[in-house]
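1. whatever this is, show me its structure:
(chains A and B)
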Amino acid sequence: MLQIKNLHAGVEDKKILKGVNLEVKAGEIHAIMGPNGSGKSTLSAVISGNENFEVSQGSVTFLNEDILELDPEERAHKGVFLSFQYPVEIPGVSVTNFIKTAINETRKAKGLEDMPASEMLKLIKSKADLLEIDRKFLSRSLNEGFSGGEKKRNEIFQMAMLDPKLAILDETDSGLDIDALKIVANGVNKLKSKDNAVIIITHYQRLLDYIVPDFVHVLIDGKIVKSGAKELAYELEEKGYDWIKEELV
Amino acid sequence: MSLKSKLVSSYLAFDDHLDDNSPIHDIRKKAIDTFEEKGFPTKKEEDWKYTSLNAIINKDYSIASKGDKKIKYEKVREYFLHDIDSYKIVFIDGVFSSFLSETSHDGLDVCLLSSVLSKEKYKAIIEAYYNKIASKDSITSLNTAFAKEGAYINIPNNKEVDKPIEIINFSTGNETALMMQPRNLIIVGENAHVQIIERHQSLSNNAVFTNSVTEIFVEKRAYLDFYKIQNDKENASLIDNTFIHQEQDTNCNVHTFSLGGKITRNNLNFSQNGEHSDSTLKGVTILKDKQHVDHNTLVNHISPNCESHQDYKGLYADSSTGVFNGKVIVEKQAQKINAFQQNNNILIDDNATVNAKPQLEIFADDVKCSHGCTIGQFDEDALFYLRSRGIGLKEAQALLMYAFANTVLETVKIPELKRRINNLIAEKIGVNIGFDI
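-> Numbers count the residues shown, from 1 in each chain, chains lettered A, B, ... in the order given. From the prediction side, this is the model:
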């Protein structure tokens, strides 16, 4: 589904990704772990098309198509979804209006009519229930004054509504208490199927207790330096990253 | 001949038609003298530093229209709140159109200033209210000198007006260039409640210069909602001078939507003359091309325990320019005042300009005053966030613009008007997507 080859990217003169290789197949869950500043969020930003980052080398192929030249919205239309580490507050736009607009714009891009209002309402209700989101919450301004946990739950709600093929969860576990973490993980697990894939970006193995990855990758200094099965996450939790750095020397 | 000379010299002929015993004769005479002495304001004056009238006053205007122009209702239907019932006072090239109007003397006065100025029975009204709060500056004086027609609205005590009142000034383009000086007098009686919508609308691309003056008296415990729709054609310019006098326990809200026109200058003045008054001044400005809007607001807190809220949002594209000059005066005896002022602007293009100048003059010591002003571009992070959800760049920008303007739109209390303004804004932004805010 997703192939990343020798990806180099950065901001202005600063190189952040220095040759990332990664392949994600349909039905798989990948975890990318690594210390602060290793390039995890940059990787998710580049895949989803954030124009603040410049790609200097390499390729990102999604469903057999090079997506690096595509706008963020075009990537979204193809099924790429990023759950933001820091979701942006947008006063004046309600969660409901936002998600309606997102769904109908995506449908428009595919040549479909707007989703009928009744169908939309039903969908919103079922996905809100899945994530135990209060109906009142949906009429509030997008992310404005939301707690950390509410923001993350709202991200996964959007994911549930948009039903992406590839979901990248960027530090979705940060700022979540254990109850919210379970709700979010449960939501992601229910949305998971053999046809879609998930990339989880995290510092800690905590979330991986609930969303069990097929592969764990370690990103250090802009490169994936080690890959393994889910047990690698426990090892990292226990021993930190220094032993890997030492292995590299 | 300059416009000033033309106006001053034609005053004599204009004045000749008037009855010398009229109480307003002296008012007019003083006013033309003031204008003759001071002339049109120039950028040398602090209050006009960012707005030049040169591009307007260099034209050869007809200062009295031939006036018998008829308009078919279908042609101007879109400018009315046609989906709901309303009172209407309509002028075509400055002349009252009974055909398009729906006035009333039944339980309230919704009629013409010309009759008030000329009829004996209104003498007491003129003496009590006329030209009492209008400023004596040159531009207002110019209107006072030539004022003869406009809306006269008098809401008696305890009257809750059942439908909005629309004041619409059409110009047809019958003259190559037309100058109009409508004059409105509005009295909202004690405990009364009224909603008024004012619009100046050119129907051609010929030059129009409107210098409008509106005096509004709001008596104890009364409530006023006033909406100004400024979405005029490219050669239409407006100087809108509005003076609001509030007695105690009154609540007055003015929303100004500036979405078009060549040069628009809003002089919006509030004075609070009784305790527990509340004044709200809000505006959305969306400009493009070389359009210019100057919001010059003044809130004069004379009495203690009052509040004022100002919230002006501006979106400027192309080479458009905007000014926000917001002045708040808190007089010495006016303790316990809460005065808030907010002015936020987004420059959509590099050539757009905004000059923002908040001025607080506070002479009381127990007050809460704040002002905030921002000038910026679109929030790139917000744009990326929206786009990553499949919303295209243009639609994402539109959504942000709506959200930005929403703090002003949300307090529009006539649903039909709100829907109209939403549509106007969508049209300005150039999108048609189904979000309703």
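2. quick check, residue A:212 in contact with residue A:230.
-> Yes: under the criterion of C-beta atoms under 8 Å, residue A:212 makes contact with residue A:230 at 5.9 Å. Quick note: C-beta positions are derived from backbone N, CA and C, even for glycine.
3. more neighbours, these two?
-> Per other C-beta atoms under 10 Å in any protein chain shown, whichever of residue A:212 and residue A:230 has more neighbours is residue A:230, with 16 against 12.
4. ok, and the closest non-adjacent residue to the residue of chain A found nearest chain B?
-> Chain B sits closest to residue A:92 of chain A, with a gap of 3.1 Å, by C-beta to the nearest C-beta. Excluding its sequence neighbours, the residue lying closest to residue A:92 (C-beta to C-beta, 6 or more residues apart in numbering or on different chains) is residue B:403, at 3.1 Å.
5. the one you found: neighbouring residues, count only.
-> Number of residues near residue B:403 (other C-beta under 10 Å) recorded here: 22.
6. any idea which element it lies in?
-> Residue B:403 belongs to helix B:393-409 when assigned by DSSP states H and E.
7. ok, residues contacting that helix?
-> With C-beta atoms under 8 Å, 6 or more residues apart in numbering or on different chains as the test, helix B:393-409 has contacts from A:71, A:73, A:90-93, A:98, A:101, A:105, A:141, B:255, B:282-284, B:286, B:311-313, B:315, B:344, B:346, B:348, B:378-379, B:382-383, B:386-387, B:391, B:418, B:421-422, B:425-426, B:429-431, B:433, B:435, B:437.
8. just the ones of these in strands?
-> A:90-93, A:141, B:255, B:282-284, B:286, B:311-313, B:315, B:344, B:346 (DSSP state E).
9. give the buried subset of these as a ChimeraX selection command.
-> Selecting the buried subset of these in ChimeraX, with 16 or more other C-beta atoms under 10 Å in any protein chain shown as the burial test, is done by:
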select /A:90,92,93,141 /B:255,282,283,284,286,311,312,313,315,344,346
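10. and the two most separated of the ones in strands among the contacts of helix B:393-409?
-> Farthest-apart pair in the ones in strands among the contacts of helix B:393-409 is A:90 and B:255; separation 22.9 Å (C-beta to C-beta).
11. ok, now how distant is whichever residue of chain B sits closest to chain A from residue B:149?
-> Nearest residue of chain B to chain A: residue B:403, at 3.1 Å (C-beta to the nearest C-beta). Distance, residue B:403 to residue B:149, by C-beta to C-beta, to the nearest Å: 41 Å.
12. where does the chain have low pLDDT?
-> You didn't say which chain, so I picked chain A. By pLDDT under 70, the low-scoring segments of chain A are A:249.
13. ah, I was thinking of chain B
-> If you take pLDDT under 70 as the line, chain B has these spans: B:18-21, B:67-68, B:431-437.
14. up against chain A, what does it have?
-> Residues of chain B found near chain A (C-beta under 8 Å from any C-beta of the partner chain) are B:379-382, B:384-393, B:395-396, B:399-400, B:402-407, B:433-437.
15. narrow the residues you listed to those that are buried.
-> Members of these classed as buried by 16+ other C-beta under 10 Å are B:381-382, B:384-392, B:395-396, B:399-400, B:402-407, B:433, B:435, B:437.
16. next, count neighbours for the residue lying closest to residue B:108 once chain neighbours are set aside.
-> Excluding the flanking residues, the one nearest residue B:108 by C-beta to C-beta, 6+ apart is residue B:155, at 5.2 Å. For residue B:155, the neighbour count with other C-beta under 10 Å is 27.
17. quickly list what residue B:155 is bridged to.
-> residue B:188 (DSSP bridges).
18. residue contacts, it?
-> Neighbour list for residue B:155: B:108-109, B:161, B:187-189, B:192-194, B:222 [criterion: C-beta under 8 Å, 6+ apart].
19. residues near residue A:242, how many?
-> Residue A:242, neighbours per other C-beta under 10 Å, totals 9.
20. which residues does stretch B:124-142 contact?
-> Residues outside stretch B:124-142 that contact it (C-beta under 8 Å, 6+ apart) are B:7, B:23-24, B:27, B:30-32, B:34-35, B:37-41, B:116-117, B:143-144, B:154, B:181, B:185, B:187, B:211, B:213, B:215, B:217, B:239, B:241, B:243-245, B:267, B:269, B:271.
21. helices - which of those residues land there?
-> Within the contacts of stretch B:124-142, membership in helices is found for B:7, B:24, B:27, B:30-32, B:34-35, B:37-38, B:116-117, B:143-144, as judged by DSSP state H.
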